Every structure is written in structure tokens, then in C-alpha cells.
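structure, please.
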Amino acid sequence: MYAEERQQRIVGRARTDGRIDVAQAAEEFSVTPETIRRDLRALERHGLVRRVHGGAFATERAGSEMPLSTRSTRMVAEKQRIGKAAADLIGDAESVFVDEGMTPRFVAEALPTGNPLTIVTAALPTALALADNPAVTVIQLGGRIRGRTLATVDYWTSRMLDDLAIDLAFLSANGVTRQHGMTTPDPAVAEVKHRAARSARRRIFVADHTKFGVDSFCRFAEVRDFSVIVTDTGLSAAEAHRYELLGPQVLRV
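Residues are numbered from 1 along each chain as shown. The predicted structure is shown next:
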């Protein structure tokens, strides 16, 4: 098997499973672990994967977005810690936008409900998870439902957000860099995120460390638009400081 063919299969496996493991890939393709590591370095240079200890994650670019079933099993412990830490920052907010995706959902599930809250979301799973809580009023944004994420997009979603003044928005992304800000593969999703950010008085960004240093297709916000970034300790303290120089406080949990 030529290196190019093996690398294509590695990317395909990473997109299907969410992660590629060096040892397993070496056994599957009958090559050495160092060969797989060289493949991953080459793929990372092209922006197709993000290397981590022992393997790599697929990056989500235009046309290669991972389904919700894959995201729900990826970096779960880290996302839960991020969600809890971010929820503790709610302050006196009474209306909260919760973005689509697993990390924002963990934020929503950790929000304190001692006082009544109004949750606005495009994500059907998040709305369903909170709907039976008597302390929470859930506003589900209307629009076209995307099968990959079970979240709404397009005209009605954006129009509803334009008519709202929201205290706090918890937003996530498929990628974030200091140069290009927060990005996502689908223009329709980027528009919803942009409108939500614009409608909110305060914005908090939540994402695990594998999203940092990755550019996706459509930018919806700049790093400086956020007051706080909450991520996990996989993002180095030095890199966190570089993001802080752009404006937000960075919490590593």
C-alpha cells in the first residue's frame, strides 16, 4: 500500500471513529508505529488531523463534519469538566443561549437552577434534556433541522435570534485559532452562531483542547469577542496565555 492510500484510509477512519490510535493503526496497516506517526505528522500539516498523545483526532472541515453519534463519545470527561466550570460563570444571567454540540449541552445540564432561567437553543437534544425541569423555560429556535447535529439553522433560526436580547451565550466551535478566530464547517451553522453572539450581552467560549490551532471553513466570531474561554488542561499554559493577550480570560480545567 502506498503512503498516500494509507493516509487517506487513516483520515477516513479518524472521521468515522472520531480518533485514530497509533498502535491499532500500525497493526491494521502492517507497518511500524513510527510510520503511522509520520503519516499523522503529514496529515496534520495539511490540517486533516490534530495529533494527541497516542494518536490523532480528525479535524472538521467543509464537507467532513462528524456526526453527533461520534462527538458524543469523544473527550467526554474533559467536556464534562468544561461544562461544569463554564456553568459556574453564569452570574446573574436570567436568559442564556446554549449552542449546539456536546460541550454546550454539558454546560446546560450543569447550570444552577435555584432561580428561574430561560434557555434559548437551536439544539434539539439540549432542549429535550432540559424541558422537564420546572425551573427552566426552554425556547427552541425554529428552522431546518440538520441531521448531523439535530440543531436548527437558516432563516427562522436567525430571525428569532435577531428579536432577542440575551444575557449570556455559551458558544463552541469546530476550530479556533488566534489568527482566524472561531470557525465551523457549515455556513448556515456559522450564521446561527454569529447571530447568537451578536444578540448576547456576554459571551463565553467552551471547547476542548483539540479544537485549538484548527481552522475550519466559516468564521463566526473573533477571540476578542469573548470574556472567558473555558477549555481543558490539554491546552498548554503558554498557549492559553497567548489567547489571553487577545482579551478573554482562559480557564483550563
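
which residues does the nearest residue to residue 106 once chain neighbours are set aside contact?
Nearest in space to residue 106, with sequence neighbours left out and distances taken as Cβ to Cβ, 6 or more residues apart in numbering, is residue 83 at 2.8 Å. No exception for glycine: its C-beta is placed from N, CA and C like everyone else's. By Cβ atoms under 8 Å, 6 or more residues apart in numbering, the contact list for residue 83 reads 103-110, 206.

which one of those residues is nearest to residue 161?
Nearest to residue 161 among these is residue 104, at 15.1 Å by Cβ to Cβ.

I'd like to know how far the closest one sits from residue 155.
Here the criterion is Cβ to Cβ, to the nearest Å. By it, residue 104 lies 22 Å from residue 155.

higher neighbour count, the two?
When residue 104 and residue 155 are compared for neighbours, residue 104 comes out ahead with 26 against 12, by other Cβ atoms under 10 Å.

my guess is that one contacts residue 98. True?
Yes - counting by Cβ atoms under 8 Å, residue 104 touches residue 98, with 5.0 Å between them.

quickly list what's touching both of these two.
123, 126, 170.

burial count for the second one?
This means residue 126. 26.

that one falls within a strand, correct?
No - with DSSP: H, G, I helix; E, B strand; the rest coil as the criterion, residue 126 is helix rather than part of a strand.

any idea which helix or strand carries residue 89?
Taking DSSP states H and E as the criterion, no element holds residue 89; it sits outside all helices and strands.

equivalent analysis for residue 80, please.
helix 76-87.
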